[in-house]
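Chemist: Quick one, what's the 3D model for this:
(chains A and B)
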Amino acid sequence: MSRYTEHAVSSWMQADGPDSDIVISSRIRIARNVSNEPFPMLATNQQSEEVLNRVASVLKDEELKVIGDFDLVPLTGMSELEKRVLVEKHLISPNLANEARNGAVILSGNEAVSIMVNEEDHLRIQVLYPGFQLKEAWDVAGRIDDIFESVVDYAYDEKHGYLTSCPTNVGTGIRASVMMHLPALVMTQQMNRILQAIQQVGLAVRGLYGEGSEVMGNIFQISNQITLGQTEEEIIDNLHGVARQIIEHEKAARQKLLNESRAKLTDRIRRSFGILCYAEIMDSKEAAQRLSDVRLGIDLGLIEGLSPKVMNELLVMTQPGYLQHHYGRPLSPDERDAHRAKLFRERLNPSGR
Amino acid sequence: MLCQECGKRPATLHFTKIVNGDKTEFHFCEPCAREKGELIPGTAGGFSIHNLLSGLLELDPTGKPATAQQKAAQPRCDFCGMTYAQFSKIGRFGCGECYRHFQDRLTPLLKRVHGNTTHVGKVPKRVGKKVQLRRQIEQLKRDLALKVEQEEFEAAAKLRDQIRELERQSAL
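Modeler: So this is what the prediction gives:
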């Protein structure tokens, strides 16, 4: 277990992806259920255990081993803090961490693949890739789906497709999403217009931690809404096309800011960097905003000698769960704000402790 | 900024809710937010898609909330035992069979959520194979009836054997 909570950044994040100055990650999630079993919400302890055992048998599959080394990690016996770290790393959902009976997660060594068992649906296959690699992520998720399909019968009917607990997922069961850092579109006040357009083409926009979460640090998660009546390829192509356009708009907005208000932009970015290097107290909202500024500074070459990967790492490390895990004990909100600031000082400015 | 609920602790959670274009901001400390059941990223509770769905489902076709009597008369899934009233409360089905049991009521909902009611994507190879076999058997049975009607008993016997073979395969 500790191998998955030890590092703030999954090893898949260490690799550079295409357009990674704007797209942080691409994700495919496939919801599947085993046929003739009640969904996890209604399953008895014995039934959910049975599902877990059936699903776990897939780990022996030779084809799965070609994709990677997988570990089954049961949620029982995991501390609250460990669960929260997995949530902050996007490896499990809050729902699995809090409610699941016989919940487990199957993780690939590099954490790019995580398969939740007994969450809202029996199976939630997730593939996370760095940068803009939606189609690549779909290829892998589809292969894993095929492997499960060869071992267990899925709940499926001709009319409704793959049957899921929530009717918003029925059909393909696919949720594709891209996590984008869009500070220039926010600064140039174009985001509202874009958000409206996105919603009109059947896509949804959320904050960093999915459904219901607030947009923090200019990080937007854009995903498909519709899962029924479109093929998997149509869903992914649609999101891919829209995300591509947003990337171009963000690039243009960044260029515009550089051309028209370089001094003001540089000032803002350097001030944020200064605050991260020297502040004594830092709440999570401010941290997200300052990190966003500095990340933009790195991407535009206005701050040198810092890697965007450090920013990714700090984004996860300064979340409440990871922070407490890092310091090895529960921290009050005030203590967290102080420790968060300390962590920034240590990482960004070793002489400024 | 202090928490707007207790006024004592600093507000560490900030929410913006937009309902029909009306923006409301909330600033809570963590204990108060938890008590209010507002969503804290990384924890359960709070407003979810299921709340929203159940809002849609509570409405009957005329747009009025269902009466107790109507709710009692609602169909029940014979596999997991869930009633439509329960489904409309939690916005989640209890099992795959619910889709079959509640099909009539589900169609308008699926149209509203997806703009569509029929799956056109991937077909699982194993389950899909049975679907294909079933379709094939149904076609052969229609052919058989035709041959019997036309008194072509030799051809009918061949079809009968074919159907038996496919039925044997589909039972595997």
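
Chemist: quick one: buried residues of the helix or strand B:Ser88 falls within?
Modeler: Under the criterion of DSSP states H and E, B:Ser88 resides in helix B:84-90. Buried residues in helix B:84-90, defined by neighbour count with 16 or more other C-beta atoms under 10 Å in any protein chain shown: B:84-88, B:90. (Glycine included, C-beta is placed from N, CA and C.)

Chemist: I'd like those as a markdown table, with distance to B:Arg105 and pLDDT appended.
Modeler: Formatted as a markdown table, these follow (distance: C-beta to C-beta, whole Å; pLDDT from 0 to 100):
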| residue | distance to B:Arg105 | pLDDT |
| --- | --- | --- |
| B:Tyr84 | 6 | 86 |
| B:Ala85 | 11 | 84 |
| B:Gln86 | 13 | 86 |
| B:Phe87 | 9 | 88 |
| B:Ser88 | 9 | 84 |
| B:Ile90 | 15 | 86 |
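
Chemist: give me the low-pLDDT residue ranges for the stretch 101-250 of chain A?
Modeler: Scanning the stretch 101-250 of chain A with the threshold set as pLDDT under 70 gives A:208-214.

Chemist: what do you get if the cut-off is 80, keeping everything else the same?
Modeler: Applying pLDDT under 80 to the stretch 101-250 of chain A flags the ranges A:207-215.

Chemist: what's the answer for chain B, then?
Modeler: B:1, B:3, B:5-75, B:125-135, B:170-172.

Chemist: can you list the domain ranges for it.
Modeler: Chain B is divided into the following domains under automatic domain parsing: B:13-47, B:51-114, B:129-171.

Chemist: Ok, chain A next?
Modeler: A:3-250, A:260-352.

Chemist: give me the element A:Arg206 is part of.
Modeler: Using DSSP H and E, A:Arg206 falls in strand A:203-206.

Chemist: Which ones, among the buried residues of helix B:84-90, also lie beside chain A?
Modeler: By C-beta under 8 Å from any C-beta of the partner chain, the members of the buried residues of helix B:84-90 lying near chain A are B:Ile90.

Chemist: ok, the buried residues of helix B:84-90 vs A:Ser307, which is closest?
Modeler: If you rank the buried residues of helix B:84-90 by distance to A:Ser307 using C-beta to C-beta, B:Ile90 comes first, at 45.4 Å.

Chemist: the helices in chain B, which residues?
Modeler: B:30-36, B:49-57, B:68-72, B:84-90, B:98-101, B:103-114, B:125-149, B:153-171 (DSSP state H).

Chemist: okay if I get the ones you listed as TSV plus distance to A:Asp299?
Modeler: Conversion of the helices of chain B to TSV gives the following (distance: least, C-beta to C-beta, whole Å):
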stretch	distance to A:Asp299
helix B:30-36	33
helix B:49-57	33
helix B:68-72	56
helix B:84-90	44
helix B:98-101	46
helix B:103-114	37
helix B:125-149	44
helix B:153-171	58
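
Chemist: Would you check that A:Ser57 makes contact with A:Ile147?
Modeler: No - if you go by C-beta atoms under 8 Å, A:Ser57 and A:Ile147 don't touch, sitting 11.3 Å apart.

Chemist: So which of these two has more stuff around it?
Modeler: A:Ile147 (17 against 10; other C-beta atoms under 10 Å in any protein chain shown).

Chemist: element containing the more buried one?
Modeler: Element membership of A:Ile147, judged by DSSP H and E, is helix A:134-149.

Chemist: after that helix, next one along is what?
Modeler: By DSSP H and E, the next helix or strand past helix A:134-149 is strand A:156-157.

Chemist: do that next one and chain B meet?
Modeler: Yes - counting by C-beta under 8 Å from any C-beta, chain B is contacted by strand A:156-157 at A:156-157.

Chemist: what's the burial count for A:Lys309?
Modeler: Neighbours around A:Lys309, by other C-beta under 10 Å: 16.

Chemist: Ramachandran coordinates for it?
Modeler: For A:Lys309, the backbone dihedrals (degrees, to the nearest 10) come out as phi -70, psi -30.

Chemist: Quick check: pLDDT value at it.
Modeler: For A:Lys309, the pLDDT comes out at 82.

Chemist: now the one 4 residues further on
Modeler: Per-residue pLDDT puts A:Glu313 at 82.

Chemist: just checking, it touches A:Ser10?
Modeler: No - if you go by C-beta under 8 Å, A:Glu313 and A:Ser10 don't touch, sitting 10.3 Å apart.

Chemist: These two: who's more crowded?
Modeler: Neighbours per residue (other C-beta under 10 Å) separate A:Glu313 from A:Ser10, with A:Ser10 holding more: 23 against 18.
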